[in-house]
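**Student:** just a sequence and a predicted model for now, questions to come.
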Amino acid sequence: CAAAGEPERPREKPSRSAGARPSAAASKAADPRLLPGMPPPLDPRDLYAADRPGRLSPVVKRFPSRVYVPNTLSNTVSVIDPRTYKVIRTLPVGNQPQHVVPSWDLKTLWVNNDLGNSLTPIDPATGRVGRPVDVHDPYNLYFTPDGKYAVVMASADRALVFRDAHTMRVVKSVPVSCYGVNHADFSPDGRYFIVSCEFSGELLKVDTARMKVVGQQRLPFPGAMPQDVKISPDGRTWYVADMMADGVWVLNGDAFTRPRLMPTGDGTHGLYVSRDSRRMYITNRGEGTISVLSFATGKLVDRWRLPGGGSPDMGGVSADGKVLWLSGRYHSEVYAIDTRDGRLRARIPVGGGPHGLAVYPQPGRYSLGHTGVFR
């Protein structure tokens, strides 16, 4: 999902450096079927039960509400005050920041400086930038549900790099045969996760505890380019956005069988779950629209078009669930969209190539990474 004008990523050996230390993993899972050390789901029927409006963890309750926007072409992060819809700070970071990722323990925001081969920490309590941590090719970043490991999506290196979530030191680098490891999501029990490979049109199934690829398949569409991955609230269905197939692949993750394509719009890219777990917002970057899916029916129920066009890409939902925040990848802007009717509340100028913005804080007990996948 590179923006126009972005250079190719250089390749070097992974470096090892200490980073910030998050807190220990939460309570042990009572269910032996869960990944050991993973906090048990609040509701087995709804993976997002902890993400209800305003249900902020005590860790983040006093954090100021902000929207952090990584500008890939400007090497900055724009900080927006969501009350005024204005940029209040511009933070210099490393080369080609791709995503702003909340840590598993919710205490740190990590800026993924892909070509800068580093992670820049931001303290969301103060907005201060810390010392960058050496991490090679951090295109995207996830955390295992037990809080033990960070998983770096090293796209150019063709590897999934498991790092200690406390120190960011490499624990295991898993080479992959596909190209462009990109986005992911975890199964309800945390035992596996599914990864999209955007440049070869493939999906991977990875055993979390064994740190091993256990399944691989090519999507049945010529030139497929899978992007964001999201699991349904009931944990039965996986959705994979595809910007070349112009839709969402619907997949049985347990069986990992051939998925079916649901057309949504040109350049399908990002997937975001509503605060009530009833709907999913699907960004169609190529046509400036957002499709709305009903989880109850598995069908599209609405489509919102940005007035005057745009390139809605990555983002998140406000803590109260009333606003969907999205970066405008090719328009150097951010969109604030009313989740009740799709009305555009604001269009905010930012730096060049805005990508994986993070709305923070958000409800949830812990973060699985990306721009904010909370459970």
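**Tutor:** Noted; the coordinates are in hand.

**Student:** what's the closest non-adjacent residue to Leu35?
**Tutor:** Leaving aside its sequence neighbours, Leu35 sits nearest to Gly190 (CB to CB, 6 or more residues apart in numbering; 3.3 Å). The C-beta positions use only the backbone N, C-alpha and C, and glycine is treated the same way.

**Student:** could you give the number of residues near the one you found?
**Tutor:** Using other CB atoms under 10 Å, Gly190 has 23 other residues around it.

**Student:** ok, Phe199 next?
**Tutor:** Neighbours around Phe199, by other CB under 10 Å: 15.

**Student:** likewise Leu261?
**Tutor:** Quick note: Leu261 (other CB under 10 Å) scores 17 neighbours.

**Student:** what's the answer for Val87, then?
**Tutor:** Val87 has 17 nearby residues by other CB under 10 Å.

**Student:** how near is it to Val174?
**Tutor:** Separation of Val87 from Val174 (CB to CB, to the nearest Å): 38 Å.

**Student:** contacting residues for Val323?
**Tutor:** Residues near Val323 by CB atoms under 8 Å, 6 or more residues apart in numbering: Pro82, Val317, Ala336, Ile337, Asp338, Thr339, Arg345.

**Student:** test my guess that Asp302 contacts Ser294.
**Tutor:** No: counting by CB atoms under 8 Å, Asp302 sits too far from Ser294 to count as a contact (9.0 Å).

**Student:** number of residues surrounding Leu34?
**Tutor:** For Leu34, the count of nearby residues is 20 (other CB under 10 Å).

**Student:** can you check the one 3 residues further on too?
**Tutor:** A count of neighbours around Gly37, defined by other CB under 10 Å, yields 18.

**Student:** just to revisit the earlier point, the residue nearest to Leu35: which element?
**Tutor:** Using DSSP states H and E, Gly190 sits within no helix or strand.

**Student:** confidence score at it?
**Tutor:** For Gly190, the pLDDT comes out at 98.

**Student:** so it sits against Tyr142, correct?
**Tutor:** No: counting by CB under 8 Å, Gly190 stays clear of Tyr142, with 11.9 Å between them.

**Student:** so Thr371 sits in a helix?
**Tutor:** No: read with DSSP: H, G, I helix; E, B strand; the rest coil, Thr371 is coil and lies in no helix.

**Student:** ok, it touching Pro354?
**Tutor:** No: counting by CB under 8 Å, Thr371 does not reach Pro354; the two are 11.7 Å apart.

**Student:** who has more neighbours out of the two?
**Tutor:** Remark: of Thr371 and Pro354, Pro354 carries more neighbours, 33 against 28, as counted by other CB under 10 Å.

**Student:** does that one touch Tyr330 like I think?
**Tutor:** No: counting by CB under 8 Å, Pro354 does not reach Tyr330; the two are 9.3 Å apart.

**Student:** tell me how many other residues crowd Arg210.
**Tutor:** 12.

**Student:** return the distance of it relative to Thr108.
**Tutor:** Per CB to CB, Arg210 is found 27 Å from Thr108.

**Student:** before we move on, what about Ala49?
**Tutor:** Using CB to CB, we find Ala49 at a distance of 24 Å from Thr108.

**Student:** looking at the two, which one has more neighbours?
**Tutor:** Legend: neighbour count by other CB under 10 Å for Ala49 and Thr108, higher for Thr108 (21 against 17).

**Student:** Ala154 versus the more buried one, what's the distance?
**Tutor:** From Thr108 to Ala154 the distance is 20 Å (CB to CB).

**Student:** go on, Asn71?
**Tutor:** Using CB to CB, Asn71 is found at 22 Å from Ala154.

**Student:** swap in Val206?
**Tutor:** Per CB to CB, Val206 is found 14 Å from Ala154.

**Student:** what touches both of those two?
**Tutor:** Counting by CB under 8 Å, 6+ apart, the contacts common to Val206 and Ala154 are Leu160.

**Student:** circling back to that earlier point, just the ones of the contacts of Val323 in helices?
**Tutor:** Nothing among the contacts of Val323 maps onto helices, per DSSP state H.

**Student:** and those residues, which are buried?
**Tutor:** Among the contacts of Val323, those buried by neighbour count (16 or more other CB atoms under 10 Å) are Pro82, Val317, Ala336, Ile337, Thr339.

**Student:** so how far is Asp105 from the first one?
**Tutor:** Think Pro82. According to CB to CB, Pro82 and Asp105 sit 23 Å apart.

**Student:** cool, and the second one?
**Tutor:** Taking CB to CB as the measure, Val317 falls 21 Å from Asp105.

**Student:** can you count the residues close to the closest residue to Asp31 other than its chain neighbours?
**Tutor:** Nearest non-adjacent residue to Asp31, counting by CB to CB, 6+ apart: Pro40, 6.1 Å away. Other residues lying near Pro40 total 13 when counted by other CB under 10 Å.
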